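In: Sequence first, predicted coordinates after that:
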Amino acid sequence: MRLKGKTALVTGSTSGIGLGIAKALASEGANLIINGFGDAAAIEAERAALEGLSGGKASYDDADLTKVDAITAMFERADADMGGVDILVNNAGTQFVSPIEDFPVEKWDLILALNLTSAFHTIRHAVPGMRRKGWGRIIGTASAHSLVASPFKSAYVAAKHGLVGMTKAVALEVADAGITANCISPGYVWTPLVEGQIPDTMKARGMTREQVINDVLLAGQPTKQFVTVEQVAALASFLTRDEAANITGANLSVDGGWTAA
Ligand code: NAD
């Protein structure tokens, strides 16, 4: 188990891609801190399953990442209970679909706070411990929308472009300290986040559910397949390997060819 003794914090890992990444890292032996919202019994079952996979520790932290004090407190707990964070995965994110002139200001603020600003706070808390240990991995779940835009997603596109830019800047700052910082940019992955935006897109574009899936979601994905959580998680796991020590400042697409077009 090559990650035995290392601790990974995966934000937004009570469902979807984050949970998949947590499982992939646990199966390599990492201790896990999972985070996010959801049903308490379901979260406890996932936490226990992660301990089963790793043979190590897994804890759950309910920090609301839109609140800076909650992020600080999460890192204090990580230091006290897990000896700090060796692998930081900035994965939590949310979406809202609306024409710019109607875009609710509170949704803009939420998306920027969760999808971008929270990663600034987690990185600034994680880097000192990684520097001390001379090893660290920072991975952001960005999106194809970090490279190209779609209409009605102004806040999401802005936040994801920002996440990649910030991660690249950090990669340069920590390049000589044994720490890498990269983003993974999936196309459409079938998760609750994607399912949740179908009704809004139906409304915004006057389409049926099938039209949204085939003509919007998969229209730009040449493979005509949703990306799987496991495919994204496998790349995140690879980035923690010694073989990936010289992959830094990169934004790696897993998008079925979407951004090649
Ligand atoms: P998801 O909705 O399944 O998971 C989101 C996670 O974030 C959940 O664990 C949720 O509880 C958590 N979360 C929400 N608000 C939070 C808050 N305030 N504080 C802490 N945690 C919070 O979504 P997903 O599809 O797995 O998306 C994960 C990441 O992948 C997001 O950043 C998303 O933008 C990105 N992404 C998703 C897709 C896709 O097609 N699903 C494609 C590209 C990028």
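Out: Received the coordinates, thanks.
In: Let me know whether my guess that S59 is in a strand holds.
Out: Yes: per DSSP: H, G, I helix; E, B strand; the rest coil, S59 lies within a strand segment.
In: Please name the nearest non-neighbouring residue to it.
Out: Computed as Cβ to Cβ, 6 or more residues apart in numbering, the closest residue to S59 that is not its neighbour in sequence is I33, at 5.4 Å. C-beta here means a position set from N, CA and C on the backbone, and glycine is covered the same way.
In: give me the number of residues near that neighbour?
Out: 29 (other Cβ atoms under 10 Å).
In: got it, and the one 3 residues further on?
Out: Residues lying near G36 (other Cβ under 10 Å) number 23.
In: And it, how close does it get to the ligand?
Out: Relative to the ligand, G36 is positioned 3 Å away (Cβ to the nearest ligand atom, to the nearest Å).
In: ok, now R2?
Out: R2 is 25 Å from the ligand, by Cβ to the nearest ligand atom.
In: Skipping adjacent residues, who's closest to that residue in space?
Out: Using Cβ to Cβ, 6+ apart, the nearest residue to R2 is E28, at 5.5 Å.
In: so the one you found makes contact with A8?
Out: No: with contact defined as Cβ atoms under 8 Å, E28 does not count as touching A8 (9.3 Å).
In: thinking again about what came up before, before we move on, what SS does the residue nearest to S59 have?
Out: Secondary structure, three-state DSSP: I33 is strand.
In: Now do the contacts for it.
Out: The contact partners of I33, by Cβ atoms under 8 Å, 6 or more residues apart in numbering, come to T7, A8, L9, V10, A58, S59, Y60, D61, M74, A78, M82, V85.
In: next one: S146
Out: K160, H161, L163, V164, C183, S185, N251.
In: can I assume the first one is in contact with V148?
Out: No: proximity of K160 to V148 does not meet the contact threshold set by Cβ under 8 Å, at 10.1 Å.
In: Between the two, which is the more surrounded one?
Out: Each of K160 and V148 has its neighbours counted (other Cβ under 10 Å); K160 has more, 27 against 15.
In: Could you give the bridge partners of the residue nearest to S59?
Out: L9, S59 (DSSP bridges).
In: Could you check the pLDDT of it?
Out: Model confidence at I33, given as pLDDT, is 98.
In: quick one: it from the ligand, how far?
Out: 12 Å.
In: go on, A181?
Out: 16 Å.
In: which helices and strands sit right next to the one helix or strand that residue maps to?
Out: Assigned by DSSP states H and E, A181 belongs to strand 179-186. If you count contacts as 3 or more Cβ pairs under 8 Å, 6 or more residues apart in numbering; DSSP states H and E, strand 179-186 packs onto helix 118-133, strand 136-141, helix 154-173, helix 229-239, strand 251-254.
In: how about a cut-off of 10 Å?
Out: With contacts defined as 3 or more Cβ pairs under 10 Å, 6 or more residues apart in numbering; DSSP states H and E, the packing partners of strand 179-186 are helix 16-26, strand 87-90, helix 118-133, strand 136-141, helix 154-173, helix 229-239, strand 251-254.
In: what's the weakest-modelled helix or strand in this protein?
Out: helix 192-205 (a mean of 87; mean pLDDT, DSSP states H and E).
In: where does the residue positioned nearest the centre of the chain land on pLDDT?
Out: Compute the mean C-alpha point of the chain, and by Cα atoms, centre = their mean the closest residue is N91, 1.6 Å away. N91 is assigned a pLDDT of 98 by the prediction.
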